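Undergrad: Mind folding the following:
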Amino acid sequence: MRSFGAVDPVKVALAGLTTMALGMAAALNADALPVIGGGTTYSAEFSDAGGLRADNDVRIAGVKVGKVSEIDLEGDRVLVSFQVKDAWVGDATSASIQIKNVLGQKYLALDPRGEAILDPGDPIPLRRTTAPYDVLEAFRDLSKTVDAIDVGQLARSFDTISATFADTPADVRSALDGITKLSGTIASRDRQLRTLVANTRQVSQTLVDRDTEAQRLIQDGNALLRAISTRQQAIKDLLDGSKRLATALDGIIADNDGQLGPVLEQLDRLTSMLQRNQDSLAKGIAAFAPAIRVLTNVAGNGRWIDGYLCGLVLPTFGPLNEKGCFEK
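TA: Have a look, this model is predicted:
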């Protein structure tokens, strides 16, 4: 057996570096590994990305089955690459970009169809994909367009058109008068319109910037509603149990009414008597206190009784009791 010192250190170093390189490559491409990775990689062609971004969810029937890995522009179409794990994707599958929440976040929805499994090398064609219309982008474009409009020039153009068609029939003149009034209204409300559009742009941008917080808020609200629903069932069970207990107690009282009635009646008479004689009982207790104190003094010196007898010999019969019991 060859000793460790006889091994060529260059070969050991090359083997170690190769192992480290393979480990780093596997760590950086963990999602692409067949067992521990993120699943099978597919692709789909879209006419517009529609606000879809990498790491957005991929869902089938509302259930998350993967995520979007990459979005590339290829010619006149957008190629979206995504990963799907533990889900069947057929060769006639269709894809669409859907809105996840009110803040405009998107996800890729798949409708798996077909009889055979979709080949990962064949992208879902453009005819089986649908891109949404982004409302937030539309508001942004509207604000830019309104900002670029020269309202004064627009009003003067409408006035020129109205003056040009001044000699036309009454119906045309009425329509032109309406256009003139509209141009005047737009010109007089220019500042308010610009403020409104600017505020709309700020609101939409704030919603986009706070997308994560708002999504977390919605999730917390769902958790709160689930907790309330759970507590509602617990409260319902408690009320049902209380109702059953009341029914059982009512039956017990009905069964023992013949015995409980006289007992309660006698107890009521006893408490009434004690209430009537409350003052007498108080005086009796107060008068009983000295007797208890004397008895305690007599029997409180050990295992004998210590007492004092006064008046056994009258004061008139000698010097033993000359002053009597009550004189000092």
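
Undergrad: what are the ranges of the strands in the stretch 1-150 of the chain?
TA: For the stretch 1-150 of the chain, the strands identified by DSSP state E, counting those that start in this stretch occupy 40-46, 57-60, 63-74, 77-84, 94-99, 106-111, 129-130, in order along the chain.

Undergrad: Show me the one of those that comes nearest residue 228.
TA: Residue 228 lies closest to strand 63-74 among the strands of the stretch 1-150 of the chain, at 24.9 Å (Cβ to Cβ). (Each C-beta comes from the backbone N, C-alpha and C, glycine too.)

Undergrad: Could you spell out which stretches of the chain belong to which domain?
TA: Domain ranges of the chain: 38-133, 137-209, 278-328, per automatic domain parsing.

Undergrad: and the last one, average pLDDT?
TA: Same thing as domain 278-328. Here domain 278-328 scores 66 as its mean pLDDT.

Undergrad: Repeat that for stretch 112-128.
TA: Across stretch 112-128, the average pLDDT comes to 92.

Undergrad: quick one: buried residues of it?
TA: Neighbour-count burial for stretch 112-128 flags 112, 118, 123, 124, 128 (criterion: 16 or more other Cβ atoms under 10 Å).

Undergrad: Adding distance to residue 248 and mean neighbour count as columns, could you present the strands of the stretch 1-150 of the chain in CSV?
TA: What follows is those, written out as CSV (distance: least, Cβ to Cβ, whole Å; neighbours: other Cβ atoms under 10 Å):
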stretch, distance to residue 248, mean neighbour count
strand 40-46, 61, 20
strand 57-60, 51, 20
strand 63-74, 47, 15
strand 77-84, 57, 21
strand 94-99, 55, 20
strand 106-111, 54, 20
strand 129-130, 62, 18
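
Undergrad: Any idea which of the ones you listed gets closest to residue 196?
TA: Of those, nearest to residue 196 by Cβ to Cβ is strand 94-99, at 24.4 Å.

Undergrad: now the helices: where do they sit in the chain?
TA: 9-28, 135-148, 151-164, 170-188, 190-209, 211-255, 257-276, 278-299 (DSSP state H).

Undergrad: Would you single out the least confident of the ones you listed?
TA: helix 135-148 (a mean of 61).

Undergrad: can you count the residues close to residue 246?
TA: 10 (other Cβ atoms under 10 Å).

Undergrad: Quick check: it vs residue 232, distance?
TA: 21 Å (Cβ to Cβ, to the nearest Å).

Undergrad: Nearest to residue 21 among the buried residues of stretch 112-128?
TA: In terms of Cβ to Cβ, no member of those lies closer to residue 21 than residue 123, at 31.9 Å.
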